[in-house]
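In: got a predicted model here, sequence first, then my questions.
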Amino acid sequence: MICRYGEDVTLCFPDLEIPSGEQAVLLGPSGSGKTTLLHLLAGLRGPSAGEVWVDGRNLATLSEAQRDAYRRERVGYLFQDFYLMEGYTALENVLLGLGIAGVRGAAALRQAAEILRAVGLGQRLSHPPKRLSTGERQRVALARAVAHRPRLLLADEPTAHLDRSRAATALDLLTQTAKTLGATLVVATHDPWVMERFPRRLELYPHPATRTA
């Protein structure tokens, strides 16, 4: 599979298969394509050549509306920089994610509160991000990513902002949440310590065809 970015960068990926429900880590140096591969799995972009299949569907054949529905209903994405809404409370941030997934009203309120309690933030529902620690903000982002019970959970450098102790706690929470949901989990990292926590390791390296300006 190939992804091109203008005339300057070409990323080539080997054939990969991740069974449903598996937990895998993408390991590689900066520029190896870890985030790009997550974007491909999330349907945020398509390959320049090759195919991406998820749950028996070729994402490249889906219409834009179908890809939007796929992301809303099937994918949870934990971004490296969290991307929380600063003017919203922890509860409202999770409700926003549920609303995008089509869950609203009393059901959404119940789900949002339940998942925040599950990640240890039951006493922080009304707190905006600025009143939360880095670890707490990450847990809000995780709650938002999984509140709609996705089948595919993607995490981009989930320990990048955390010390080793908090990173271990975050990884335990991430892997246990995925296990509880029965979701496939794919984590991108450049940290060998994180790699050791996963039985399935997919190593990416800049392909010889890669050319940077």
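Out: Yes, it's here. Numbers count the residues shown, from 1 in each chain.
In: can you map out the helices along this protein?
Out: Along the chain, the segments classed as helices by DSSP state H run 34-42, 64-74, 90-100, 105-118, 134-146, 164-181, 192-195.
In: out of those helices, flag the one nearest D15.
Out: Of all the helices of the chain, helix 34-42 sits nearest to D15, with 12.4 Å by CB to CB. All C-beta spots, glycine's among them, are computed from the backbone N, C-alpha and C.
In: low-confidence stretches in this protein?
Out: Counting by pLDDT under 70, the chain contains low-confidence residues at 6-10, 206-213.
In: which of the helices of the chain is buried the deepest?
Out: With neighbours defined by mean count of other CB atoms under 10 Å, none of these is more surrounded on average than helix 134-146, at a mean of 23.
In: report all helices and strands that that helix contacts.
Out: For helix 134-146, the contact count by 3 or more CB pairs under 8 Å, 6 or more residues apart in numbering; DSSP states H and E identifies strand 75-78, helix 90-100, helix 105-118, strand 152-156, helix 164-181 as packing neighbours.
In: how far away is the spatially closest residue to A101 that is not a sequence neighbour from A112?
Out: Leaving aside its chain neighbours, A101 sits nearest to H148 (3.8 Å; criterion: CB to CB, 6 or more residues apart in numbering). With distances defined as CB to CB, to the nearest Å, the gap from H148 to A112 amounts to 10 Å.
In: next one: P19
Out: According to CB to CB, P19 and A112 sit 30 Å apart.
In: try M1
Out: Computed with CB to CB, the distance linking M1 and A112 is 36 Å.
In: need the contact list for the spatially closest residue to H161 that is not a sequence neighbour.
Out: Once its chain neighbours are removed from consideration, H161 has its nearest residue in T134; the separation is 5.2 Å (CB to CB, 6+ apart). When the contact criterion is CB atoms under 8 Å, 6 or more residues apart in numbering, the partners of T134 are 161-162, 166.
In: save the helices and strands packed on helix 134-146 as a markdown table, and put in distance to E64 too.
Out: A markdown table is the format used below for those (distance: least, CB to CB, whole Å):
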| stretch | distance to E64 |
| --- | --- |
| strand 75-78 | 15 |
| helix 90-100 | 16 |
| helix 105-118 | 25 |
| strand 152-156 | 19 |
| helix 164-181 | 27 |
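In: wait, which of the ones you listed is closest to L41?
Out: For L41, the closest of the helices and strands packed on helix 134-146 is strand 152-156, at 6.1 Å, according to CB to CB.
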